[in-house]
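1. how would this look folded up:
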Amino acid sequence: MVVTVTGDVDRWIRQFRPANESGPRLVCFPHAGGAATFFHPLSQALADVAQVVAVQYPGRQDRLAEQPLTSIEALADVVAATLMPFGDRPLALFGHSMGSIVAFEVIRRLENTPGAPEPLILFPSARPAPSRGRPGSVHSRDDDAVLASIARLGGTDPRILDDPEFRQMILPAARADYQAIETYRSEPGAVINAPMRVMIGDSDPAVTRDEALAWRPHTTGDFDLAVFPGGHFYLSTQLAAVADRIRTGLLGVATR
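-> I've put the predicted structure just below:
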């Protein structure tokens, strides 16, 4: 059963397990078309070291009736505001694919807001650096093209994508997310202070090693890159190794 964090953040933040009493809070940001439940396995794997929560974008699952947002900036603005009360414990952010960019922009906002919690570390996953985004127009194409793009990256059972009812359920949010990430343009010189531990899959068609290394100039802190076996959703098959990397990163900064 999903346990939600109480208070004004209920609409945006999902918690799947009782809070770890002493560890940092890791906020996870889903990929385009994704939902908070994608991070349930990761929350279980990291339960010993962190309180893992996930952002629920509008337009999916229990927020299906809400209008999805179509810009990274709008998502980052509202999530950053939502995280303002989260200064009660060390804060870290993990983003997968589009979620990496949303998380990066959220940190930029928090670091520039007096009194805001300062994230200790960012874990970008499966996404080119903000300055190396790939132009695209999937969001303006027909439904079949949007679904084909989702299928190409893996991570979704093709039989589900062939189900007419499911297709109609996911298409509005997926199209909005594609519009958000495809129209995003990083501000020149955009940088955060939080260190980065970047992760990609070695056969991911959506990001190359060079594109992942290009995250380096976007932080004034420490940086490293790990390449795992697998494609765009490598973390589903490499969960234990990914959790170990995040655990090490969290333990390395939690006392900062």
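2. Now do the helices in the stretch 1-150 of the chain.
-> 40-45, 72-82, 98-111, 143-152 (DSSP state H, counting those that start in this stretch).
3. Adding distance to residue 25, mean neighbour count and mean pLDDT, write these out as TSV.
-> (Each C-beta comes from the backbone N, C-alpha and C, glycine too.) Formatted as TSV, the helices of the stretch 1-150 of the chain follow (distance: least, C-beta to C-beta, whole Å; neighbours: other C-beta atoms under 10 Å; pLDDT from 0 to 100):
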stretch	distance to residue 25	mean neighbour count	mean pLDDT
helix 40-45	11	18	96
helix 72-82	13	20	97
helix 98-111	13	25	98
helix 143-152	30	16	79
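4. what's the closest of those helices to residue 214?
-> Of all the helices of the stretch 1-150 of the chain, helix 98-111 sits nearest to residue 214, with 12.3 Å by C-beta to C-beta.
5. Which strands or helices does the closest one pack on?
-> Packing partners of helix 98-111 (3 or more C-beta pairs under 8 Å, 6 or more residues apart in numbering; DSSP states H and E): strand 25-29, helix 72-82, strand 91-96, strand 121-125, helix 164-182.
6. got those as CSV, with distance to residue 190 columns?
-> Shown next, in CSV, are the helices and strands packed on helix 98-111 (distance: least, C-beta to C-beta, whole Å):
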stretch, distance to residue 190
strand 25-29, 17
helix 72-82, 12
strand 91-96, 15
strand 121-125, 13
helix 164-182, 15
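7. The ones you listed: lowest mean pLDDT?
-> Lowest mean pLDDT within the helices and strands packed on helix 98-111: helix 164-182, at a mean of 89.
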